[in-house]
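Visitor: sequence below, structure please.
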Amino acid sequence: YHQVCPFEWGKEIDSVLEPLKKSNTGKEGNDTFVDRFDVIVAADCCYMPWWHADLLDSIDALLSPTGVALIPFALQCNTSDQDQLAIIELARERGFMVEELEPQQLTPPKPGMETKQGLVHTVRLTKN
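Guide: Residues are numbered from 1 along each chain as shown. All right, here's what the predicted structure looks like:
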C-alpha cells in the first residue's frame, strides 16, 4: 500500500495516520495490521535548522520499529552549512541509527546558483 501524506512537522500525527487506518479496515489482529510508516521521505527539509527537532520528533512518532527514513537535501544559502548539517548529530542524539549516504552532485536548479546547491546529501535513519 502506497500513500503520499502532506504533514507539517511537529503537529499532531493523527491526521497523517488516517490513511493507515483506512488500509487496515478489517485487518486488526492479523499480521498485516500496521499503525506506522515503513518508509518516510523528508526531501529538502534541512534548510531551516530551527525545524530539525520537530522533523526528527515527527519521524520518530511516525516511523515503524523496522522502518527507514530518508532525508535527502542540498545545502542552501539561507543559513550556514554547519547549521543545516547539524541534523545528522541531532538524529544520533535522539537515538536514531544514522547512515550518511554518498553525496551525489547534480546540476544546481538555476543558473548562477552555487555548486553546493546541487550536491544532494542523503541521511538514512532507522530506529535502534
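
Visitor: helices of this structure, residue ranges please.
Guide: Here the chain has its helices, by DSSP state H, at 14-23, 52-62, 81-93.

Visitor: just want the angle from the shortest one to helix 52-62.
Guide: By that I understand helix 14-23. Angle, helix 14-23 to helix 52-62, by axes from the mean of the first three to the mean of the last three Cα atoms, to 10 degrees: 20 degrees.

Visitor: ok, and what's touching helix 14-23?
Guide: 1, 3, 5, 6, 7, 34, 35, 36, 37, 62 (Cβ atoms under 8 Å, 6 or more residues apart in numbering). (C-beta placed from N, C-alpha, C; glycine too.)

Visitor: nearest to residue 102 among those residues?
Guide: residue 37 (25.0 Å; Cβ to Cβ).

Visitor: pLDDT weak spots in the chain?
Guide: 1-3, 22-33 (pLDDT under 70).

Visitor: longest strand in it, please.
Guide: What stands out as the longest strand in the chain, according to DSSP state E, is strand 63-74.

Visitor: what does that strand contact?
Guide: 34-47, 55, 59, 84, 87, 96, 106, 116-127.

Visitor: quick check: which of the helices of the chain is nearest to residue 100?
Guide: helix 81-93 (6.5 Å).

Visitor: which neighbouring elements make contact with the closest one?
Guide: With contacts taken as 3 or more Cβ pairs under 8 Å, 6 or more residues apart in numbering; DSSP states H and E, helix 81-93 sits against helix 52-62, strand 96-105, strand 119-127.

Visitor: okay if I get these as CSV plus distance to residue 77 and mean neighbour count?
Guide: CSV is the format used below for these (distance: least, Cβ to Cβ, whole Å; neighbours: other Cβ atoms under 10 Å):
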stretch, distance to residue 77, mean neighbour count
helix 52-62, 18, 18
strand 96-105, 17, 13
strand 119-127, 13, 17
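
Visitor: ok so, going back, list the buried residues of the longest strand of the chain.
Guide: By neighbour count with 16 or more other Cβ atoms under 10 Å, strand 63-74 contains the buried residues 63, 67, 68, 69, 71, 72, 73, 74.
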